[in-house]
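Engineer: Sequence first, predicted coordinates after that:
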Amino acid sequence: MRRKGIMKMENGKLKRLERKGWKVTTPKDLLGMTDDEERTVELKLLLSRALRDKRREANLTQERFASLLRSSQSRLAKMEAGDPTVSFDLLIRSLFKAGVDRKKLSKIIAS
């Protein structure tokens, strides 16, 4: 039985895993998240990926990009990884500093 929200997986592979006793579930179900919590995590990951993509588009190292943002390389790595210690405020301010305007930010959020 394939459920909505489960990672894209070949139907045959999913069935083989279930026959062998594996339980296939979603992160939301595994962690007992509410719909709001799931959407919040997804949004943070979208912003983190957008920041990473912006750095890669500029062909910059984390160290160089972090200095442009007036941050450290280790903090940028946490931002790009969606670390829970990174606030939405920091991600959004960093995207703005990286040249993302409100219109582009709204497209990131809507994706």
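Structural biologist: Yep, it's here.
Engineer: Return the distance of Ala77 relative to Ser48.
Structural biologist: 11 Å (CB to CB, to the nearest Å). (Each C-beta comes from the backbone N, C-alpha and C, glycine too.)
Engineer: Going by how many neighbours each has, rank those two and give me the top one.
Structural biologist: Ser48 (20 against 14; other CB atoms under 10 Å).
Engineer: show me what contacts the more buried one?
Structural biologist: Applying CB atoms under 8 Å, 6 or more residues apart in numbering to Ser48 gives the contacts 79-82, 86, 91.
Engineer: switch to 7 Å and redo it
Structural biologist: 79-82, 91 (CB atoms under 7 Å, 6 or more residues apart in numbering).
Engineer: Domain parsing of the protein, as residue ranges.
Structural biologist: Domain assignment for the chain, taken from automatic domain parsing, gives 1-32, 33-110.
Engineer: first to last residue in the longest one, what's the distance?
Structural biologist: It stands for domain 33-110. One end of domain 33-110 sits 21 Å from the other (CA to CA, to the nearest Å).
Engineer: Distance from that domain to the middle of the chain?
Structural biologist: Relative to its chain's centre, domain 33-110 lies at 8 Å (CA atoms, centre = their mean, to the nearest Å).
Engineer: okay, which residue is most central for this protein?
Structural biologist: A centroid search over the chain (CA atoms, centre = their mean) returns Leu45, at 1.7 Å, as the residue closest to the centre.
Engineer: Check the spacing between that one and Asp83 real quick.
Structural biologist: Using CB to CB, one gets 11 Å for the distance from Leu45 to Asp83.
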